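Participant: okay, structure incoming, though there's no sequence with it:
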DNA sequence: TAGTGGTCTAGACCACTAG
DNA sequence: TAGTGGTCTAGACCACTAT
């Protein structure tokens, strides 16, 4: 037998496979290299394709592999560090922020958002879509919810929607005094819309960063940003741009 | 056909199922309630069990469901907010920190860790295991790597290992002046050891929080904490204990 | 022991990409 | 059009939990 026999608690095949593949990736493959296709790999390891896929899914979740339909499975580059905290204590859209406004609409937000914004449940709020691109790759999609009460001067602005409108709204926000902000990170799965923007399939794992911006004793804006969990490492640095050794990190078992 | 026909881009069954189940959870189930078993559910929706499971996996990833072998699938409570930033600018083990020391050993760390600590690759470092429990439930497991050079006075301490040793090491750490810290969050999958401590299966999704503690111009300690991604929402609050409405948040599609 | 979720198989077909 | 990964099926057996 190829497998160890005296397993007191038999390890699932896919988990063992994950380990074997992981070690092979470290020693025998370099970034960007294409792996054999799933059918061949499954045959080579003597397992069903579904089992092999379970192992590949794990490795993709860990950011080690990248799979693209119609193309193949490649060795992923180390996750890129994406600074989140750098925007601390500044409104979205402040100078130097990493986001690109896409458009702006007025819409009734999900009830969850309405609750946080303390608006009535069927009241429209301004919704700015933004996207964040790093090294030419889309890494995050954001929805910024802004109650009309946060930008009272907005009526004088003509652009009814689109990027111009988005910029105008963000400009108006800067006039308020920012009293603080609040951040949470959790795991989620990409909604169809976000998945498209992030160039992933629906349900892809994402890190959801929810930020509340406080002004005048209320939540003046709420940002819900979804980052690709496979390619991103969110950094919250106190110490400036000190870089952690990514390459090494991934071997940390 | 039971399915809608004019699907221009046919939605995968499991994704549609996820949506249907998600809505059912919102409207027809309450926290802790047990769902019908997978075979029944699959039959009821007219799909194979594997497909049904794909939908359940999604919902579990999103923290909506909890599945336990031999027991069943239950509706999960809202994710709990776990404060990460509150420990800012304090050494691990400082008064009021949320972690319980488990033990302390000396061991050669993974090369990744050695690189960050700037130790020689086969040099032993102190390794403190700690765990974090909230509301009676284990939420995170941590490995704290401390080069011997960070705690020079340690030789005078007798406890060779175990909790006492761990406490002693942490106490020694407080003597250094903390110059800053550095944090990163990324998605990972639980190693067998962590999985056990977190009461999950190996490979379960976790949020890995890596913190570097800087003193004397070097990385004086490195913390790698793995949080259960299904039950935890990591919070980084500037504004004290303002609570976000969890319940609502989960409906935000 | 009965019932649950977890693993695994051996197929089939589909959607997408590139030559 | 050939080859890839993505979806789906209908089974089987195993590990675990409660009774």
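Facilitator: Thanks, I have the structure now. Only a predicted model underlies this, so the values are computations on that prediction, with no experimental measurement involved. Numbers count the residues shown, from 1 in each chain, chains lettered A, B, ... in the order given.
Participant: what comes up buried for stretch A:206-224?
Facilitator: Residues A:206-215, A:219-224 are the ones in stretch A:206-224 that count as buried (16 or more other C-beta atoms under 10 Å in any protein chain shown). Yep, even glycine has a C-beta here, placed from its N, CA and C like the rest.
Participant: mind listing the strands for chain A?
Facilitator: A:65-68, A:72-75, A:80-83, A:99-107, A:125-134, A:137-146, A:180-189, A:205-215, A:218-228, A:232-237 (DSSP state E).
Participant: just checking, residue A:55 touches residue A:18?
Facilitator: Yes - the pair residue A:55 / residue A:18 is scored as a contact, 4.4 Å apart, by C-beta atoms under 8 Å.
Participant: what residues does the stretch 1-150 of chain A have near DNA strand D?
Facilitator: Proximity of the stretch 1-150 of chain A to DNA strand D, by C-beta under 7 Å from any atom of the strand, involves residues A:9-10, A:35, A:37-40, A:49-50, A:53, A:56, A:67-73.
Participant: among the buried residues of stretch A:206-224, which two are most distant?
Facilitator: A:206 and A:215 (27.7 Å; C-beta to C-beta).
Participant: I figured residue A:172 hits residue A:153, correct?
Facilitator: Yes - if you go by C-beta under 8 Å, residue A:172 and residue A:153 touch, sitting 5.7 Å apart.
Participant: of the two, who's got more company?
Facilitator: For the pair residue A:172 and residue A:153, the greater number of neighbours falls to residue A:172 (20 against 10), based on other C-beta atoms under 10 Å in any protein chain shown.
Participant: and that one, how far is that from DNA strand D?
Facilitator: Distance from residue A:172 to DNA strand D, counting by C-beta to the nearest atom of the strand, to the nearest Å: 41 Å.
Participant: which one is that residue nearest to, not counting chain neighbours?
Facilitator: Nearest-residue entry for residue A:172: residue A:151, 4.0 Å, with adjacent residues in sequence omitted and distances by C-beta to C-beta, 6 or more residues apart in numbering or on different chains.
Participant: return the residues in contact with residue A:234.
Facilitator: Contact analysis of residue A:234 by C-beta atoms under 8 Å, 6 or more residues apart in numbering or on different chains lists A:81, A:82, A:84, A:185, A:207, A:209, A:227, B:184, B:185, B:186.
Participant: same check on residue A:140?
Facilitator: Here residue A:140 is in contact with A:82, A:131, A:132, A:198, A:225, A:226, A:227, A:228, A:232 (C-beta under 8 Å, 6+ apart).
Participant: same deal with residue A:174?
Facilitator: A:91, A:93, A:94.
Participant: out of those residues, which are buried?
Facilitator: By neighbour count, with 16+ other C-beta under 10 Å, the contacts of residue A:174 hold A:91, A:93 as buried.
Participant: in CSV: the contacts of residue A:174, plus pLDDT.
Facilitator: Below are the contacts of residue A:174 laid out as CSV (pLDDT from 0 to 100):
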residue, pLDDT
A:91, 91
A:93, 88
A:94, 86
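Participant: which one among the contacts of residue A:174 gets closest to DNA strand D?
Facilitator: Nearest to DNA strand D among the contacts of residue A:174: residue A:93, at 34.9 Å, using C-beta to the nearest atom of the strand.
Participant: the closest one reaches residue A:168, doesn't it?
Facilitator: No - using C-beta under 8 Å, residue A:93 is not in contact with residue A:168, being 10.1 Å away.
Participant: check which helices and strands the longest helix that chain A contains sits against.
Facilitator: The longest helix of chain A (DSSP state H) is helix A:13-28. If you count contacts as 3 or more C-beta pairs under 8 Å, 6 or more residues apart in numbering or on different chains; DSSP states H and E, helix A:13-28 packs onto helix A:49-61.
Participant: list the contacts of the helix it packs on.
Facilitator: Applying C-beta under 8 Å, 6+ apart, the contact partners of helix A:49-61 are A:13-15, A:17-18, A:21-22, A:25, A:38-39, A:41-42, A:45, A:65-67, A:73, A:76, A:205, A:229-230, B:187-189, B:203, B:205.
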